[in-house]
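Undergrad: okay, predicted coordinates and the sequence, questions at the end:
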Amino acid sequence: MISTKGRYALRVMIDLAEHRNGSFIPLKDIAARQEISKKYLEIIVKTMVEGGLITGLSGKGGGYQLCREPEEYTVGEILELMEGTLSSVACLADPDYICSRKNICQTLPMWEEYDRLVRDFFYNKKLSDLMSYPDGRPSDYII
């Protein structure tokens with residue numbers, strides 16, 4: 001399950017993409033538009049800055065902005081930064097995980113297929129796919 005942290009990170013990224021104008025965007029503005037606590041967003045954007053998704057600037061004229069163009073971000077990279085692995089089971093999430101049943105596990109192929117579907121889905125969606133249309137209509141996705 002994707003937590004609020006992952007969902008809110010996507011909302012922050014969409015907001016930054018839709019309101020970019022070359023300047024840094026204050027977190028208070030993002031929080032107000034997204035109706036999310038500024039305190040909670042501070043935790044989220046810290047991870048996003050450390051993960052290289054956005055840059056931040058303190059002080060007057062400070063705020064946050066994207067490091068790349070919206071079409072260069074995948075939903076998968078944003079979610080994995082915030083959530084960790086998208087793998088469904090421990091034996092696929094951790095390459096060092098030791099399972100005595102790996103060679104005889106009848107469900108492993110199913111989990112591998114499921115994980116491929118999830119990974120392909122999220123890594124084939126770009127941040128730009130989630131942005132509003134130029135006329136202000138929201139995209140087809142609800143976050």
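TA: Done, it's in. Numbering: from 1, shown residues only.
Undergrad: what about the residue of the chain most remote from its centre, distance to residue 37?
TA: Relative to the C-alpha centroid of the chain, counting by Cα atoms, centre = their mean, residue 104 is the outermost residue, at 35.1 Å. Separation of residue 104 from residue 37 (Cβ to Cβ, to the nearest Å): 48 Å. In this view, the C-beta of every residue, glycine as well, is placed from N, C-alpha and C.
Undergrad: kindly report the same for residue 75.
TA: Computed as Cβ to Cβ, the residue 75 to residue 37 distance reads 23 Å.
Undergrad: neighbour count for the two, which is higher?
TA: Between residue 75 and residue 37, counting by other Cβ atoms under 10 Å, residue 75 is the more crowded of the two (21 against 11).
Undergrad: all the helices of the protein, in order from the start?
TA: Applying DSSP state H to the chain gives helices spanning 4-18, 27-34, 38-50, 75-83, 90-93, 108-123, 127-130.
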